[in-house]
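# 3D, please:
(one chain, ligands or ions: 1)
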Amino acid sequence: METPVQIVIFGASGDLTARKLVPALAGLARKQEPPGGFVLVGVARRHLSDGEFRQDLRAAQPPEGLDDFDGFAPRIHYVSGDVRSPEDLRRLGARLDALPGGAAAGRLFYCSLKPDLFEPAVSGLAQAGMLEQSTPDSPWRRVVVEKPFGRDLASARALNQLLQGCLREEQVYRIDHYLGKETVQNLFAFRFNNTIFEPVWNRRHVELVQITVAESGGVESGRAAYYDASGAMSDVLQNHMLQILALVAMEPPSSLDPEEVRGQKVSALKGLRFRSSPDQSVRARYQAGEAEGKRVPGYLEEGVPADSTTETFVAIRAEIENWRWSGVPFLLRHGKRLKHRFTEVKVQFRVPPIQLADHVAGEDFLALPDGTVCTLRPNVLTLSIQPREALSLSFSVKSPGGGMVMVPAHLDFDYRDRFGESTTPAYERLLLDAILGDPTLFLRADEVEAAWRFTDAVRASWAGPEAPPLLEYAPGGWGPPEADALFHGCEGGWSRG
Ligand code: BG6
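The predicted structure is shown next:
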């Protein structure tokens, strides 16, 4: 018989545990229980009994999640303790030994902690001997580390060194929940399983790639201190967006081996370049105003310091210096309090070299930055990641009748139409992979460092004498119009989702 797995969450009283991790584990328990099953042990400083912890978690579940939760609740346990206390870790160890699976269980330690507690948690566990996995037959010990993984390259390196001092790399699971999204995994699957796109997926045929993560919400309550220290760039662009970019830009791996896949992503990220000049990035923060029919506060009223200079919107023009992508702009944009929430990749192909059409019909053709109209509409492949989970390829067709009048058309595919229901929640997939020991969808040390190297270069340009100004934008729109200028020399503009 297989031994149950023990999942320990440090920081169990936090929002992530109640909103994401517990529903994901409850979903897994019902749908795809790994062999032997699993138990959950929450660890936080508050004094609670198992029953009280379960009640608190239950109160935070949405009505549609209650059946799954109630089925899973008997397997939820709680240990009150401080990760910095050797005595508390010893008590935790004793409790784990007494739970199903005991010392023979595989153990997944999930650090859902404030960044300053990562280090004491991991070194405390190592000193207590709780991470030892001395022989290939020993029960496995793995650590999942939540973002933020460092705040720049230097701190990410220091954290990697700490982890590597206590664990082998294959025991470390650096999580980015975007990689658990079905449509993000499809970026890889779609590219490398459909040969018609591969020959045109390069600088000869692609004019530009734009990636958007737009959010309609502002900074959530209780997150002001974290957010003000991160900003749009470190909160979303450095991790989620660069992961999307890596999947769009990477070379094909020779197999699905995790190191092959991750190695190719790292190479793409290492080629990423930011030209340090004021016209290559735009940063801004939202003002107070009206959004979605109600009055919303400005960023400076969200409980951040009055002299904050943190951005809630960022748009960047980057390039990837390699054989495939040299010269192709990768335009990245993320912001909070925008008109609506959507995440999307658009791969825009080059227009034909000469125009064999008479004139345009309708207004649906793209406006060029100089005010004229693009009569040759570029083919665009749109990969919609959320909330729509879809693919669309746009092209032009001849309008029936005299002359050669072209009109836009597209081919669409939607996950819901094809597969019926919404896709598996990201944390469900990622927790299952961590339990099963598949690191493909987790970040390697060098991957995180490559992402920070790029982000640090942008931040350095914001600190220099030629820094672009911190602009302001009204909520409920598309951010500052200055971001449009990043398209200079290219056709088209930012997607509206
Ligand atoms: C988180 C950020 O990592 O991702 C949040 O900290 C952001 O600020 C969130 O809102 C977006 O995730 P999703 O899955 O809702 O797009």
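# burial of residue 114, as a residue count?
12 (other C-beta atoms under 10 Å). Where you see a C-beta, it was placed from the backbone N, CA and C, and this is true even at glycine.
# so who does it touch?
By C-beta atoms under 8 Å, 6 or more residues apart in numbering, the contact list for residue 114 reads residue 11.
# now residue 6
Shown in contact with residue 6 (C-beta under 8 Å, 6+ apart): 38-39, 41, 96, 99, 101, 105-108.
# Sheet partners, orientation included, of the strand or helix carrying it?
Residue 6 belongs to strand 5-10 when assigned by DSSP states H and E. Here strand 5-10 is paired, per DSSP bridges, with strand 38-44 (parallel), strand 107-111 (parallel).
# gap between the last one and the chain center?
By that I understand strand 107-111. Between the centre of strand 107-111 and the centre of its chain there are 20 Å (C-alpha atoms, centre = their mean, to the nearest Å).
# Mind exporting the C-alpha coordinates of that strand to CSV?
Only the C-alpha atoms of strand 107-111 are listed here, as CSV (Å, rounded to 0.1, in the frame of the first residue of the first chain):
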residue,chain,number,x,y,z
ARG,A,107,6.5,15.6,3.0
LEU,A,108,5.8,18.8,1.1
PHE,A,109,6.6,22.0,3.1
TYR,A,110,4.8,24.9,1.5
CYS,A,111,6.2,28.3,2.5
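# helix or strand right after it?
Next element after strand 107-111 (DSSP H and E): helix 115-127.
# what is the orientation angle of whichever helix or strand comes after that next one with helix 115-127?
Once helix 115-127 ends, the next helix or strand along the chain (criterion: DSSP H and E) is strand 141-145. Put simply, strand 141-145 runs at 170 degrees to helix 115-127, going by axes from the mean of the first three to the mean of the last three C-alpha atoms, to 10 degrees.
# Return the distance of strand 141-145 from the chain's centre.
19 Å.
# about what we covered before: any chance of CSV for the strands paired with strand 5-10, columns mean pLDDT and distance to the ligand?
Listed next are those as CSV, based on pLDDT from 0 to 100; distance: least, C-beta to the nearest ligand atom, whole Å:
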stretch, mean pLDDT, distance to the ligand
strand 38-44, 97, 20
strand 107-111, 97, 15
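# can you put those strands in a markdown table and add mean neighbour count?
Output for the strands paired with strand 5-10, formatted as a markdown table (neighbours: other C-beta atoms under 10 Å):
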| stretch | mean neighbour count |
| --- | --- |
| strand 38-44 | 24 |
| strand 107-111 | 24 |
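# Include distance to residue 458 when you put the ones you listed into TSV, please.
Listed next are the strands paired with strand 5-10 as TSV, based on distance: least, C-beta to C-beta, whole Å:
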stretch	distance to residue 458
strand 38-44	36
strand 107-111	27
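# quick one: which of these is nearest residue 302?
Smallest distance to residue 302 across the strands paired with strand 5-10 (C-beta to C-beta): 25.5 Å, for strand 38-44.
# which outside residues touch the closest one?
So strand 38-44 is contacted by 4-14, 17, 22, 25, 28-29, 53, 72, 75-81, 83, 92, 95-96, 99-101, 435 (C-beta under 8 Å, 6+ apart).
# Now the buried members of those.
4-14, 17, 22, 25, 28-29, 53, 72, 75-81, 83, 92, 95-96, 101, 435 (16 or more other C-beta atoms under 10 Å).
# Run through the residues of the stretch 151-300 of the chain sitting next to the ligand.
Within the stretch 151-300 of the chain, the positions near the ligand by C-beta under 6 Å from any ligand atom are 215, 235-236.
# Considering these, which is situated nearest to residue 190?
residue 236 (22.7 Å).
# Surely the closest one is in contact with residue 211?
No - Residue 236 is beyond contact range of residue 211, at 10.9 Å (criterion: C-beta atoms under 8 Å).
# could I get the contacts of residue 6 as CSV with distance to residue 355?
Listed next are the contacts of residue 6 as CSV, based on distance: C-beta to C-beta, whole Å:
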residue, distance to residue 355
38, 61
39, 66
41, 66
96, 70
99, 71
101, 69
105, 67
106, 63
107, 64
108, 59
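# could you check the distance from the spatially most distant residue from the centre of the chain over to the ligand?
Centroid-distance maximum for the chain: residue 402 at 49.2 Å, with C-alpha atoms, centre = their mean. According to C-beta to the nearest ligand atom, to the nearest Å, residue 402 and the ligand sit 48 Å apart.
# May I ask which helix or strand encompasses residue 316?
If you go by DSSP H and E, residue 316 is part of strand 313-320.
# That strand near the ligand anywhere?
No - using C-beta under 6 Å from any ligand atom, strand 313-320 stays clear of the ligand, with a minimum separation of 12.6 Å.
# Name the strands paired with that strand and say parallel or antiparallel.
strand 272-273 (antiparallel), strand 281-286 (antiparallel), strand 330-335 (antiparallel).
# Go through the ones you listed and name the closest to residue 455.
Nearest to residue 455, of all those, is strand 272-273, at 9.7 Å by C-beta to C-beta.
# Give me the pLDDT value at the nearest residue to residue 85 once chain neighbours are set aside.
Excluding the flanking residues, the one nearest residue 85 by C-beta to C-beta, 6 or more residues apart in numbering is residue 124, at 7.8 Å. We have a pLDDT of 96 for residue 124.
# ok, residue 124 to residue 10 distance?
Counting by C-beta to C-beta, to the nearest Å, the separation of residue 124 from residue 10 is 10 Å.
# Residues in contact with both of these two, list them for me.
By C-beta under 8 Å, 6+ apart, the residues touching both residue 124 and residue 10 are residue 83.
# Quickly list what the residue of the stretch 351-497 of the chain found nearest the ligand is bridged to.
The ligand sits closest to residue 386 of the stretch 351-497 of the chain, with a gap of 6.2 Å, by C-beta to the nearest ligand atom. Counting by DSSP bridges, residue 386 is bridged to residue 343.
# give the contact list for it.
Contact analysis of residue 386 by C-beta under 8 Å, 6+ apart lists 181, 183, 341-343.
# Look up the closest residue to residue 120, ignoring the ones flanking it.
Nearest one to residue 120, counting by C-beta to C-beta, 6+ apart, is residue 84 at 4.5 Å.
# List the contacts of that neighbour.
117, 120-121, 124.
# Kindly tell me how buried the closest residue to residue 159 other than its chain neighbours is, as a neighbour count.
In space, and not counting its chain neighbours, residue 159 is closest to residue 150: 5.2 Å by C-beta to C-beta, 6+ apart. Using other C-beta under 10 Å, the number of residues around residue 150 comes to 21.
# looking at it, residue 150 is touching residue 452, isn't it?
Yes - using C-beta under 8 Å, residue 150 makes contact with residue 452 at a distance of 6.4 Å.
# could you show me where the helices are in the stretch 251-400 of the chain, in order?
Taking DSSP state H, counting those that start in this stretch as the test, the helices found in the stretch 251-400 of the chain are 258-270.
# for it, what are the low-confidence residue spans?
359-376 (pLDDT under 70).
# can we see that at 80?
Applying pLDDT under 80 to the stretch 251-400 of the chain picks out residues 353-377, 399.
# What of the stretch 1-150 of the chain?
Looking at the stretch 1-150 of the chain by pLDDT under 80, you get 1, 136.
# Not counting its neighbours along the chain, what's nearest the closest residue to the ligand within it?
Using C-beta to the nearest ligand atom, residue 147 is the residue of the stretch 1-150 of the chain that sits closest to the ligand, at 6.1 Å. Sequence neighbours aside, residue 239 is the residue nearest to residue 147 in space, at 5.6 Å (criterion: C-beta to C-beta, 6+ apart).
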